[in-house]
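Novice: Here is my input, please return the structure:
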Amino acid sequence: MQSKSSFAALLVLLFAVNLCAQVHVSPGGADIFGNGDIDHPYLTIAFAVQQAPPGSVVYISPGTYNETSEIYIDKPLNLVKNGTGEVIIDAIGRTTPAENKYMIGIVDADLVTIDGLTLKNCIGNGSKGIWVLGRGSIITIKNCAVSNIGWVSNNLTQMPPNNNTVANAIRVEGTEPTPLSVIFILNNDVYNCATGWGEAISLVGNIDGFQVENNTVHEISNIGIVAAGNYAYTGAPSNVNQSRNGLIRGNNVYHCMSPIANSAGIYLDGSINCTVSRNRIHDNAVGISVGGEQEVGAGAFTSNGHRVFNNLIYNNSVTGIYIGSNNPSNAVINTTVYNNTIYKNRTGATINGVSMIEGLPASSFADNFGGDVLLQNIDDVKFKNNIIYPLNNKRAMVALEGYTVDNFVSDYNIYFRDDVAPLIDLTGLSFNGLDLEESYNNLADFNATTSLEAHSFLADPGFVDAAIFNFNLTSTAFAIDKGDTAYVAFFSDTLDFARNPRRYNGRIDIGAYESQVAPLAVNFIAPYRAYKVEAGVRIDWTTATESNSSHFDIERSTNGTDFKKIGTVEAQKNSLTVHHYSTLDIQPANEMNYYRLKQVDLDGKFVYTTILAVSYRRFEVQFYPNPVGNTLHLESEHPIEKMMLEDLLGKTIMTINNPDKNIELSGLASGQYIMVFQKSKDEVEVRRLIKN
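Specialist: The predicted structure follows:
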């Protein structure tokens with residue numbers, strides 16, 4: 001069991017600025033004559049990273065950096081924007097080889113953070129913006145902008161010459177028996193990337209535990225986000241060659257379209273145990289795809305354990321959601337699809353200038369692949385509480401000819417179409433053990449044949465304004481309280497798309513939204529959080545939609561009751577896209593702080609968010625040197641009752657009660673450690689130490 005102190009250490013590692021060595025980089029610096037301090041910064045990031053000791057923070061001042069070589073990271077390191085301007089790493093004109101070049105490479109490393117950088121213009125087959133490779137743990141890529149990473153530059157329509165033509169904006173590739181684990185890809189903007197047969201954000205190989213959250217991915221010439229498995233080229237052992245135990249949440253993915261194949265906004269391809277929730281996926285070729293293209297390796301698992309819930313899937317060119325493997329020996333199994341809103345897909349539209357897919361007009365290609373929901377090769381898939389609302393004359397659900405659907409359960413769904421009853425097409429396949437050659441224009445006939453959809457409806461769900469893709473439910477919507485009476489939070493979550501309670505008024509609604517008594521003008525999505533950093537307390541929040549929203553007041557209290565305004569952030573007024581907000585409280589009380597947001601409408605009405613609590617203590621224990629050799633020196637204004645030294649797995653290496661000012665560490669092995677200083681029963685300070 002992980003100790004409380006080691007858990008606290010993990011939070012510090014993830015969200016606080018490392019207080020170890022600081023290395024500075026500036027466009028006005030010098031590599032040869034600089035020493036990396038704030039007054040004598042280095043000129044290039046690659047050189048600064050080479051000089052920085054493990055565990056350092058490399059602070060990069062705003063400006064443009066035309067790095068002539070890759071930035072290679074093989075040690076614990078934070079690469080952080082320093083200041084309010086943009087830090088641009090521009091690879092244009094770089095003379096590295098045409099194959100397999102990257103801008104930032106993180107190889108066999110732990111505890112690496114890339115924060116707030118702009119990367120662009122890395123061109124050539126195999127190009128990558130950020131490449132995480134090998135093995136490692138706790139890798140964070142956040143608040144970055146990545147654009148024009150491609151096999152060709154600024155061209156989303158050109159046909160790649162072959163399936164070896166690839167590029168990736170962000171690629172995480174586990175290649176070793178030890179996995180890449182605890183991977184965070186957060187709040188990035190990835191756009192205008194000609195990825196060929198590659199993907200914008202790719203997680204492939206031996207990856208165990210990842211979170212891809214609140215990214216905006218758009219204008220991509222193939223797939224937006226993929227979690228993949230069973231690709232032999234990674235070199236990972238076949239029994240662990242799958243990305244697994246991942247969360248893909250709160251992303252806005254649009255304009256992902258390929259001329260060479262079906263391209264999804266979000267794709268689970270041979271991965272296992274992944275959750276896809278609260279994403280807005282629209283105007284791609286396919287919205288969400290759950291499948292498996294490759295043969296399952298020895299000791300590996302068939303694609304399974306996925307949960308897809310509370311997503312908005314609309315206006316996609318070919319189909320909305322595609323469930324099932326195109327490899328007959330690799331069926332998608334044990335997967336749930338609950339509480340999604342699937343609206344008017346199969347448009348056949350041209351996207352990013354791509355009008356042809358596999359040599360067919362997009363509209364004809366869409367007709368071949370059918371409806372808003374496409375079933376292929378599946379076994380044990382449950383499909384409940386979804387709204388399926390196809391275009392006129394288009395099919396709601398299609399089971400693709402030539403494949404097998406087994407143990408499929410569908411119920412408590414709403415089907416609707418503006419013209420006539422939607423069509424469910426099960427022609428030419430084995431469906432739940434039945435050899436069917438039929439199509440169905442009504443749910444009663446479908447139920448009589450299959451015993452499915454017994455509690456489903458043909459009715460207008462009651463959207464607020466679908467014309468502008470506002471899929472909130474009106475106060476009198478038919479979809480209210482029509483979901484499965486056996487509500488299971490594991491399948492539908494405890495929060496809906498707008499982060500309102502998922503079950504309200506005793507029974508769950510159908511679709512991605514849960515109707516509330518008074519719907520908010522702003523729909524908040526993750527993350528809404530407050531946490532300690534070196535400069536104070538940072539508050540982050542994200543909105544999915546805003547309607548007549550004026551501003552946010554940030555309020556603080558020291559007792560959780562009496563709040564005072566400490567700042568204001570302007571809102572978007574009206575928006576249907578994801579927006580990320582952040583503010584910094586530079587003067588928190590040196591005690592427990594409570595924060596809340598007051599969201600104010602243009603007409604003066606307001607609502608409060610929930611209250612977040614942050615225990616803030618300015619760092620009081622000073623210690624040096626770090627990295628340390630044989631003797632560590634401590635200084636503290638208050639007595640230290642106990643000092644514990646832990647490894648990165650939380651195992652206690654050393655415990656010293658009432659430590660002296662000088663701690664002998666000559667017998668300690670080289671490496672990284674967590675120091676936990678206990679100053680009282682309730683006050684603990686957690687720091688990081690490197691032993692040379």
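
Novice: Pairing partners for the longest strand along the chain, with directions?
Specialist: When the chain is parsed with DSSP state E, its longest strand is strand 536-557. Sheet pairing of strand 536-557 (DSSP bridges) gives strand 522-533 (antiparallel), strand 564-575 (antiparallel), strand 579-585 (antiparallel), strand 592-601 (antiparallel).

Novice: Run through the stretch 101-250 of the chain and note the low-pLDDT ranges.
Specialist: By pLDDT under 70, the stretch 101-250 of the chain has no low-scoring segment.

Novice: could you pull out the strands for it?
Specialist: 102-107, 112-115, 117-123, 127-134, 136-142, 145-150, 167-174, 180-186, 189-193, 199-205, 207-213, 216-220, 223-228, 243-249 (DSSP state E, counting those that start in this stretch).

Novice: Run me through the strand neighbours of the first one, direction for each.
Specialist: When pairs are called by DSSP bridges, strand 102-107 turns out to pair with strand 71-73 (parallel), strand 127-134 (parallel).

Novice: go on, the last one?
Specialist: According to DSSP bridges, strand 243-249 has the following sheet partners: strand 207-213 (parallel), strand 272-277 (parallel).

Novice: I'd like to know which elements whatever helix or strand comes next after that strand is packed against.
Specialist: Per DSSP states H and E, the first helix or strand lying C-terminal to strand 243-249 is strand 252-256. The contact analysis (3 or more CB pairs under 8 Å, 6 or more residues apart in numbering; DSSP states H and E) places strand 252-256 against strand 216-220, strand 223-228, strand 264-269, strand 280-282. No exception for glycine: its C-beta is placed from N, CA and C like everyone else's.

Novice: Now render those strands as CSV, adding mean neighbour count and distance to Ile38.
Specialist: As requested, these are exported to CSV (neighbours: other CB atoms under 10 Å; distance: least, CB to CB, whole Å):
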stretch, mean neighbour count, distance to Ile38
strand 216-220, 25, 33
strand 223-228, 29, 38
strand 264-269, 29, 42
strand 280-282, 26, 41
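
Novice: Can you verify my assumption that Tyr594 contacts Gly560?
Specialist: Yes - Tyr594 lies in contact with Gly560 (CB atoms under 8 Å); the separation is 4.6 Å.

Novice: thinking again about what came up before, now render the strands of the stretch 101-250 of the chain as a markdown table, adding distance to Ser456.
Specialist: Below are the strands of the stretch 101-250 of the chain laid out as a markdown table (distance: least, CB to CB, whole Å):
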| stretch | distance to Ser456 |
| --- | --- |
| strand 102-107 | 47 |
| strand 112-115 | 46 |
| strand 117-123 | 47 |
| strand 127-134 | 43 |
| strand 136-142 | 41 |
| strand 145-150 | 42 |
| strand 167-174 | 39 |
| strand 180-186 | 36 |
| strand 189-193 | 37 |
| strand 199-205 | 34 |
| strand 207-213 | 32 |
| strand 216-220 | 33 |
| strand 223-228 | 30 |
| strand 243-249 | 27 |
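
Novice: Could you check those strands and tell me which one is nearest Phe491?
Specialist: When those are compared by CB to CB, strand 243-249 sits nearest Phe491, at 15.0 Å.

Novice: Please list the residues outside that closest one that contact it.
Specialist: If you take CB atoms under 8 Å, 6 or more residues apart in numbering as the criterion, strand 243-249 is touched by 174, 203-205, 207-214, 225, 227-229, 266, 271-279, 526.

Novice: what does stretch 24-37 give?
Specialist: Residues outside stretch 24-37 that contact it (CB under 8 Å, 6+ apart): 22-23, 38, 40-45, 47-48, 51-52, 58-61, 63-65, 82.

Novice: likewise stretch 430-443?
Specialist: Under the contact criterion CB under 8 Å, 6+ apart, stretch 430-443 has outside partners 399, 404-408, 415, 420-429, 446, 449-450, 452-453, 456-458.

Novice: Quick one, which of those are buried?
Specialist: Neighbour counting by 16 or more other CB atoms under 10 Å classes 399, 404-405, 408, 415, 422-426, 429, 446, 450, 452-453, 456-458 among the contacts of stretch 430-443 as buried.

Novice: Identify those among these that sit within helices.
Specialist: Among the buried ones among the contacts of stretch 430-443, DSSP state H puts 446, 450 in helices.

Novice: Return the most buried member of the strands paired with strand 102-107.
Specialist: Of all these, strand 127-134 has the most neighbours on average by mean count of other CB atoms under 10 Å, namely a mean of 26.

Novice: what sits against Arg538?
Specialist: Contact partners of Arg538, counting by CB under 8 Å, 6+ apart, are 530-532, 582-585.
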